[in-house]
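Peer 1: Could you work out the structure for the sequence below:
(6 chains)
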There are 4 protein chains.
Amino acid sequence: MTPKGPKWTRQPDRRPQQIIAAALDVFALKGFRRATMDAVARAAGVTKGTIYLYFSSKEDLFIQTLRVHVEQVADLLPAFQLEGEIPADDSARMVTRKLLDALMTPNMAKAMPLFVAEVKHIPALRKAYVEEWLPQVNFRLAEVFSRGMEAGLIKQLDPVITARAIIGMFSEFILTQQVFELKDITPMELDAIADTIVTIAFHGVLAAR
Amino acid sequence: MTPKGPKWTRQPDRRPQQIIAAALDVFALKGFRRATMDAVARAAGVTKGTIYLYFSSKEDLFIQTLRVHVEQVADLLPAFQLEGEIPADDSARMVTRKLLDALMTPNMAKAMPLFVAEVKHIPALRKAYVEEWLPQVNFRLAEVFSRGMEAGLIKQLDPVITARAIIGMFSEFILTQQVFELKDITPMELDAIADTIVTIAFHGVLAAR
Amino acid sequence: MTPKGPKWTRQPDRRPQQIIAAALDVFALKGFRRATMDAVARAAGVTKGTIYLYFSSKEDLFIQTLRVHVEQVADLLPAFQLEGEIPADDSARMVTRKLLDALMTPNMAKAMPLFVAEVKHIPALRKAYVEEWLPQVNFRLAEVFSRGMEAGLIKQLDPVITARAIIGMFSEFILTQQVFELKDITPMELDAIADTIVTIAFHGVLAAR
Amino acid sequence: MTPKGPKWTRQPDRRPQQIIAAALDVFALKGFRRATMDAVARAAGVTKGTIYLYFSSKEDLFIQTLRVHVEQVADLLPAFQLEGEIPADDSARMVTRKLLDALMTPNMAKAMPLFVAEVKHIPALRKAYVEEWLPQVNFRLAEVFSRGMEAGLIKQLDPVITARAIIGMFSEFILTQQVFELKDITPMELDAIADTIVTIAFHGVLAAR
DNA sequence: TATGAATGAGTCTTCATTCAT
DNA sequence: GATGAATGAAGACTCATTCAT
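Peer 2: Presented below is the predicted three-dimensional model:
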C-alpha cells in the first residue's frame, strides 16, 4: 500500500550526525566493547557498511562520538563567564544551578562513564582529555581562583587542586545520580545540590562561630 | 625436596584468592570485556579450566573480584572514627591525609574505574553499591554531619548531599591522578590535596573577611 | 578553454581500454581477489559505477583484461616467421633474443601469474588457453618441428611434447626473473639466456665428442 | 543407536598434519583468497577455532601448508644423486622418469600454482623460495653442470642459466598437464616426456649431421 | 553517461565455556 | 582437583554490486 519510494536516499550531510547520535545511545546502553556495529547501524537506520563510509573503525566512531558530545558541554562554559569576578553567593547559586542543568543531562550521563571506562584503553581519549579538557575546564577554573587569590578574595591555596576539588563535587553527582541511577534511591533537588555545593565551596560546612 | 615435584598441587583453599588477585590486575589493565580468561589464568599461574572450578563465569569472577577489593576499603573506614565528634582542623588534616593514603592506592585505582565502567551493565554491582557502599560510606558520613548539625557545629544543609559532595572531592583526585594518570602532568602532593580538601570542606574558598 | 570544465567527459569509446589498462596494473599488483573495484576505478580515473557500465562483473573485467594482453603477445608471433625453415644457429639466436624482448616485458610479467593463478577457477580462462593459446603457440611450433622432422632436419620426437619443452624454457625465465623478481638475486643478460636456450634446444648440453 | 562416545577426542599430535592435509586440498581447489577457514575446518573434521590453536592466521596456515608439501619434494632430490657424474643417456632417462613421477603428482599440481599465484603477495613465500628452493634446486643442479664443464663433459655455458632452462622443461609439463588440466586434450606418456627432455637436454633437437 | 552513497552477504578472528583426559 | 584441547557463537570489517541522483 505504501507508494513505492526509493529503498534508501542519499544523505551524505546528515549521516555522520545521525550515526553519532545513535552511537551514543548504543555505547551508553552497552558500553564500548559490548556494543556492536550492527546495533549502532540498526539504531541509526542504516546498514553496517554505511558506518564505515564515515568512520574508519569502531574506535574511531567511539572517539568522535564522545568528542562531539563532550564538546557540546565545553561549548557551554564560556556562557558562564568564568572569566569574570568571583560572584556573590546568590548569583553563584544561579550559575551553579544552570551548570547542573547543563551537566546532569542524559547525554552527559551517557558520555561520562564511557569516558571513564575507556580512557585507559584508548590513547586518543586520554590525549583529548589532557590536551583539551584539562586546559578548558580545570586550568581555566584554576585561573579564576588564581586571580581571586591575587585580589585577596580567595584563600591562598593551590589553584589547580582547588579547582579540581570543586569539579569533583559536580562530577560525583553526575556519576551517582545519573550513572548509578540513584535518582530514585536518593532523590535530590538540583536546587538543593546547587545550594550545598556553593555553600561548601564558598564557606565550608562549619557553622559560623 | 623430591627431585620430581608434581606439575601442580592441590590448593583448594588458596586458589580463589590467588585467582582474584590476578583477576584484579588483568581486569584493571584491560577492562572487563577486553580481559580474557586466558590472561587471568596465566597471571594466576593456573589454567583456564581451573578458574571455572571456583567461579561460575567471567562475570561471577569479576563481581567477586571487585567485592573483595571494595570491601578492603570499606573495612578501613571504621578506623577513621567517623562516628566521633567533628575534629579540629589539624586533626582533620591528618585523618584526611591518612584517608588519601588508603584511597589513592594502586588497588583503588584499579577497582574504581572498573566499577564505574560496569555498574550499568552488571546488576550485581549496582546492588552492591546501593546496599553496601552507599550505607557504609555516604549514609554513615551523612550521619556524622547530621549529628554535627544538631549540635550546632555544622551548617544546616541536606546531610546526604553534603556527604556526597565531600566524597566527590576525594573521588575526583583518585580518578584523575590515578586513573587518568595525570600524576606526571599535574603532580600534586598528597599533603596539599588533604590541606585543600579540609580547608574547602570546613571553611570554603573565600578569604576571611 | 571554458573556465569551468565539466567534472567528467563522455568518452564511451576510450573507456574500456582505459579501464582495462588500469585493471592489468591493479590485478597484477594485488592479484584477482585482493584487487578491489575501487582500486581499479581509482587507477583508471573513473568511479566504481562507471566500470559496471562497460563490464558486467569483476570477473568479466578480469577475463577481458587478460584477453587483451595475451592477444598482444599472440599477435607478435607471426612476425617471427615460425612458419619458415629451421634457421641456422646465428639467426635463431637473434630470433630468440627478440622473442625474449617481447616476452620478458612488464605486461607479460603481469599477465602470466594472473593467468596461472586463476586458470583453475575461471573456466573462461582455461577455454581461452585451450582454444587459442595452445593452437596458436604450442601447436604452431609443433608444426614447425613436424616439418623439420619430415625434412630430416629434426630428430624424430613427439612434436607437441618437443614444442612444449622448448616453450617451458622461455616460461621459466619469465616466471623466475620477472614474477618472482629474481632479477637482482640472479641477474642474467637476455643475450646469455637466448644463447643458452638456443644452444640447448639445438645441440643439448653435452660437449661435442 | 550409536554407542555414546565422546563428542570429540584430543589429538594434539595429529591435528596439525590433519589440518594441513585438508588445507592443501581446499586451497588448491579454491585458491588462497577464495578458500575459507570454514571450508578448511570442515575438510579437516574440526571446527574453525581448532585451526587457530595450531596456526596463527590463514596466511600462516597457507605458508606452512606449502612448506610441508614443497619440502616433501625437496627431500626426494638427494635420492637422485645429483652430486654424481653426468649419467649416460639411458640411465638419465630412468632418473628423469622417476623425477617426473615424483613431480607430476596431485600434491605438486596443487602446491605449484598456489605458489606461483601468491609468491608476489606473501613475502614469506618469496623468502622461502629465494633462501631454500633456489639453492636446493637451481644452484645445486648448476653445480653439477659446473663440474661437468670443468671436466669437459658439458658445453661452456652459464651453469645457473643452464640449470634453470632444464628446470623450465619440467615445470612446463607440471603446469600444463596437471594445473591447466590438459591431460585429456594433449595426453602424453611420462616416458615420452622423459625421453624428449633428456634428448633435448643432452643433444638438442637437431638431427645428427 | 557518470557518480558515489548505500547495501548486505561473506570472512577472518576471538574467546567464554565445556569436557575428554 | 587440574589440565588444555576443542567447541561454537559472535563480531568487526570488507567489498562487489546496486541504484538514487
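
Peer 1: CA only for contacts and neighbour counts going forward, please
Peer 2: Will do.

Peer 1: Which element, helix or strand, includes the nearest residue to residue A:193 once chain neighbours are set aside?
Peer 2: Nearest non-adjacent residue to residue A:193, counting by Cα to Cα, 6 or more residues apart in numbering or on different chains: residue B:161, 6.5 Å away. Per DSSP states H and E, residue B:161 falls inside helix B:159-173.

Peer 1: State the mean pLDDT of that helix.
Peer 2: Here helix B:159-173 scores 95 as its mean pLDDT.

Peer 1: Please apply the same query to stretch A:86-94.
Peer 2: pLDDT averaged over stretch A:86-94 gives 85.

Peer 1: hmm, it in reach of chain B?
Peer 2: No. Judged by Cα under 8 Å from any Cα of the partner chain, stretch A:86-94 makes no contact with chain B; its nearest approach is 9.3 Å.

Peer 1: CA atoms only: put that stretch into CSV for me.
Peer 2: Extracted C-alpha coordinates of stretch A:86-94, given in CSV (Å, rounded to 0.1, in the frame of the first residue of the first chain):
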residue,chain,number,x,y,z
ILE,A,86,34.1,36.0,41.9
PRO,A,87,30.3,36.3,42.1
ALA,A,88,28.2,36.9,45.2
ASP,A,89,26.5,33.9,46.8
ASP,A,90,23.2,34.4,45.2
SER,A,91,24.4,34.8,41.7
ALA,A,92,26.8,31.9,42.2
ARG,A,93,23.8,29.8,43.2
MET,A,94,22.1,30.7,40.0
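
Peer 1: Buried residues in it, which are they?
Peer 2: The neighbour-count check on stretch A:86-94 (16 or more other Cα atoms under 10 Å in any protein chain shown) flags A:86, A:92-93 as buried.

Peer 1: do the same with stretch A:133-140
Peer 2: A:133-134, A:136-140.

Peer 1: Quick one: end-to-end distance for it.
Peer 2: Using Cα to Cα, to the nearest Å, one end of stretch A:133-140 lies 10 Å from the other.

Peer 1: And the contacts of it?
Peer 2: A:74, A:82, A:160, A:163-164, A:167 (Cα atoms under 8 Å, 6 or more residues apart in numbering or on different chains).

Peer 1: now those: which count as buried?
Peer 2: A:82, A:160, A:163-164, A:167.

Peer 1: residue contacts, residue A:143?
Peer 2: If you count contacts by Cα under 8 Å, 6+ apart, residue A:143 has them with residue A:159.

Peer 1: Check the gap between the residue nearest in space to the middle of chain A and residue B:117 for me.
Peer 2: Geometric centre of chain A, nearest residue: residue A:108, 4.3 Å, by Cα atoms, centre = their mean. When distance is defined by Cα to Cα, residue A:108 is 14 Å away from residue B:117.

Peer 1: How about residue A:197?
Peer 2: Applying Cα to Cα to residue A:197 and residue B:117 gives a distance of 26 Å.

Peer 1: again, but for residue A:92
Peer 2: 32 Å.

Peer 1: For chain A, what lies in contact range of DNA strand F?
Peer 2: A:6-10, A:33-38, A:48-50, A:52, A:56-59 (Cα under 7 Å from any atom of the strand).

Peer 1: are any of those residues buried, and which?
Peer 2: Applying 16+ other Cα under 10 Å to those, the neighbour count classes A:35-37, A:48, A:58 as buried.

Peer 1: nearest to residue D:18, of those residues?
Peer 2: residue A:36 (35.2 Å; Cα to Cα).

Peer 1: OK, contacts around that closest one?
Peer 2: By Cα under 8 Å, 6+ apart, residue A:36 has no neighbours at all.

Peer 1: Also residue A:43?
Peer 2: A:22-23, A:26.

Peer 1: so how far is residue A:21 from it?
Peer 2: 9 Å.

Peer 1: of the buried residues of stretch A:86-94, closest to residue D:152?
Peer 2: Taking these together and measuring to residue D:152 by Cα to Cα, the closest member is residue A:86, at 104.7 Å.

Peer 1: For the closest one, which non-adjacent residue is spatially closest?
Peer 2: Distances taken as Cα to Cα, 6+ apart place residue A:148 nearest to residue A:86, at 6.8 Å, with adjacent residues excluded.

Peer 1: ditto for residue A:107
Peer 2: Nearest to residue A:107 is residue A:69, by Cα to Cα, 6+ apart, at 7.2 Å.

Peer 1: before we move on, what about residue A:116?
Peer 2: Per Cα to Cα, 6+ apart, closest to residue A:116 is residue B:113, 6.4 Å.

Peer 1: ok, and does whatever helix or strand that neighbour lives in reach over to DNA strand E?
Peer 2: Per DSSP H and E, residue B:113 falls inside helix B:106-118. No. Helix B:106-118 is not in contact with DNA strand E by Cα under 7 Å from any atom of the strand; minimum separation 14.6 Å.

Peer 1: So which elements touch that helix?
Peer 2: For helix B:106-118, the contact count by 3 or more Cα pairs under 8 Å, 6 or more residues apart in numbering or on different chains; DSSP states H and E identifies helix A:106-118, helix B:15-30, helix B:58-74 as packing neighbours.

Peer 1: what's the neighbour count on the spatially closest residue to residue A:61 that is not a sequence neighbour?
Peer 2: Spatial nearest neighbour of residue A:61, excluding adjacent residues (Cα to Cα, 6+ apart): residue A:55 at 5.6 Å. Counted with other Cα atoms under 10 Å in any protein chain shown, residues neighbouring residue A:55 total 16.

Peer 1: All good on my end, thank you.
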